[in-house]
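Participant: could you look at this predicted model? Sequence included:
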Amino acid sequence: MSTTIGIIGVGEIASAIVEGACAGDDHPNFFLSPRNAERSAALAAKFNRVEVCESNQVVVDRSELVILAVLPQQTEAVLAELDIPADRTIVSAIAGVSTAALSPLLPQKPTIVRVIPLPPVRERRGVTPVFPAHAEVEEFFDILGGTVVAETEALFSTLSATTATMSAYYAYLQTIADWLVGQGWDRNDAERIVRGQFAGLGNTLAMTDTSFSDLVAGHETPGGLNEMLHREWMNEDNRDALSASLDRVFERVTHE
């Protein structure tokens, strides 16, 4: 595994990557960009072998792998200021920016690997999609919860689409809590109840590889309350609506 990793764009996901990696003693040296200075400084103060560099170019100069975690609209401006040699590996965590779009911005043609790290990498529970296969990148993210390698970039982009479901999941929980409040529960108590219920289900997902269909069957009985809500709410129309929304997100991800 590479012993030097640079990060340009130290936001929430980059912080999760550093914190997850540094949870073990044998972690790489991290070189962080000075952008988002407060967050970068906090990570450097908390962990050994984490350093804030004076510029993004210094990050590139000192690192074997360079993780790009900037916003899509910042990509061209950030890369225009950098001289990135061919012997570097660029690990792009930039949502929706294809390899074809990145390549012209990297004239010396370093290796480009795309990844979709998610917040659970902080607890080493995040499975990170990778495209294309790359042994060093996979080895690093395997430590943070595992990797899956997409055979094509189009297949990789389907996973960019599914990450768009996260806020909808929380909105689902919010709707349940709102219903409890409407029945007379205090807001804080309602949210505690819902958190406790679904935290347990999250632990089940983390601890088992049981198929989703078997988990559904295991949490409802014929004619029972779980089956009733499942059939009434997650009916064919709602499933089709969700699939159609994912289609539209996928279209946006692959054509921006």
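Facilitator: Looks like it arrived, so ask away.
Participant: what's in contact with the worst-scoring helix or strand of the chain on mean pLDDT?
Facilitator: Ranking every helix and strand in the chain by mean pLDDT, DSSP states H and E puts helix 187-207 at the bottom, with a mean of 90. The contact list for helix 187-207 (C-beta atoms under 8 Å, 6 or more residues apart in numbering) reads 125, 173, 176-178, 180-181, 185, 215. Bear in mind the C-beta positions are built from the backbone N, C-alpha and C, glycine included.
Participant: distance from that helix to the middle of the chain?
Facilitator: Relative to its parent chain, helix 187-207 has a centroid offset of 21 Å by C-alpha atoms, centre = their mean, to the nearest Å.
Participant: centre of the chain to the helix or strand just after that helix, how far?
Facilitator: Heading C-terminal from helix 187-207, the first helix or strand you meet, by DSSP states H and E, is helix 212-218. Here the centre of helix 212-218 is set off from its chain's centre by 25 Å, with C-alpha atoms, centre = their mean.
Participant: do the same with stretch 146-161
Facilitator: On C-alpha atoms, centre = their mean, the centre of stretch 146-161 falls 12 Å from the chain's centre.
Participant: go on, stretch 70-82?
Facilitator: 20 Å.
Participant: before we move on, the earlier item: top of the contacts of helix 187-207 by neighbour count?
Facilitator: A177 (20 neighbours; other C-beta atoms under 10 Å).
Participant: ok so that residue is a strand residue?
Facilitator: No: read with DSSP: H, G, I helix; E, B strand; the rest coil, A177 is helix and lies in no strand.
Participant: that one and D189, how far apart?
Facilitator: Distance from A177 to D189, counting by C-beta to C-beta, to the nearest Å: 9 Å.
Participant: do the same with M228
Facilitator: Per C-beta to C-beta, M228 is found 25 Å from D189.
Participant: kindly report the same for R124.
Facilitator: For R124, the distance to D189 - C-beta to C-beta - is 32 Å.
Participant: compare these two (neighbour count), which wins?
Facilitator: Using other C-beta under 10 Å, the more surrounded residue of R124 and D189 is R124, with 16 against 12.
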